[in-house]
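> Turn this into a model:
(one chain, ligands or ions: 1)
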Amino acid sequence: MSFSPLINRLINALRCLPSVGPRSAQRIAFYLLERDREGGLALSEILKQALTDVKQCSSCRMLCETPLCLWCSSDRRDRTHLCIVETPADVIAIEQTGGYRGLYFVLMGHLSPLDGIGPNDLGIDHLLERLEQEPIKEVILATNPTVEGEATAHYIAGLIKQRGITTSRIAHGVPLGGELEFIDGNTLAKAFAGRVPLEA
Ligand SMILES: [Zn+2]
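Residues are numbered from 1 along each chain as shown. Predicted coordinates:
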């Protein structure tokens, strides 16, 4: 297939986007060239600016363009609680529940020896430094309920236990409004294992 060299380069570059294969890349390239050059230019500018200026919060590793993120720099957060998550999107998801007022630590992934991702890549040293220096009383491990997420939570819990700080793991189980017969066996087993006493 031979488009002009520049169009070919555009199509190839678009393929760095997740779930964009050759056909989608071609469709997007032609859409922008034929119908929305203005939108495409605006996209290219903000893309460049964001990719250059967005860095990580020096305290919690959340993505932001200031030295400290919104949460770490707020004086309205409970500094005795630290919630550990895998990704920046997890922070936003927890914030949207409106039920958590503490601080965060974003691992930017999970332990994955096969991919060569170890504690150093997840900023564990920095996490332990924070636990030494800040008045944190409880660490909430909110990594994903996957094999890797559980292993990561287990590893971090082991490191924290020696420091006399309470660690908790978010509960996983039956979704509210869900029906048992449609829930997969693993989730149901987890929900059973994590059952709590009913308050009278
Ligand atoms: Zn932060």
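
> Going by contacts, tell me the helices and strands next to the longest helix anywhere in the chain.
Using DSSP state H, we find that the single longest helix of the chain is helix 37-53. Helix 37-53 sits against helix 22-35, with contacts defined as 3 or more CB pairs under 8 Å, 6 or more residues apart in numbering; DSSP states H and E. In this view, the C-beta of every residue, glycine as well, is placed from N, C-alpha and C.

> pLDDT of the helix it packs on, averaged?
Across helix 22-35, the average pLDDT comes to 97.

> Pull out the buried residues from that helix.
The neighbour-count check on helix 22-35 (16 or more other CB atoms under 10 Å) flags 25-26, 28-29, 32 as buried.

> Among those, which one sits closest to the ion?
Checking the buried residues of helix 22-35 against the ion by CB to the ion gives residue 28 as the nearest, at 33.7 Å.

> Centre-most residue in the chain?
residue 87 (1.0 Å; CA atoms, centre = their mean).

> wait, that residue sits on residue 106?
Yes - assessed by CB atoms under 8 Å, residue 87 is found in contact with residue 106 at 6.8 Å.

> for residue 108, what are its contacts?
Residue 108 is in contact with 56, 61, 86-88, 121-123, counting by CB atoms under 8 Å, 6 or more residues apart in numbering.

> 10 Å instead, please
56, 61-63, 85-88, 117, 121-123 (CB atoms under 10 Å, 6 or more residues apart in numbering).

> list the buried ones in the longest strand belonging to the chain?
Using DSSP state E, we find that the single longest strand of the chain is strand 78-85. By neighbour count with 16+ other CB under 10 Å, strand 78-85 contains the buried residues 81-85.
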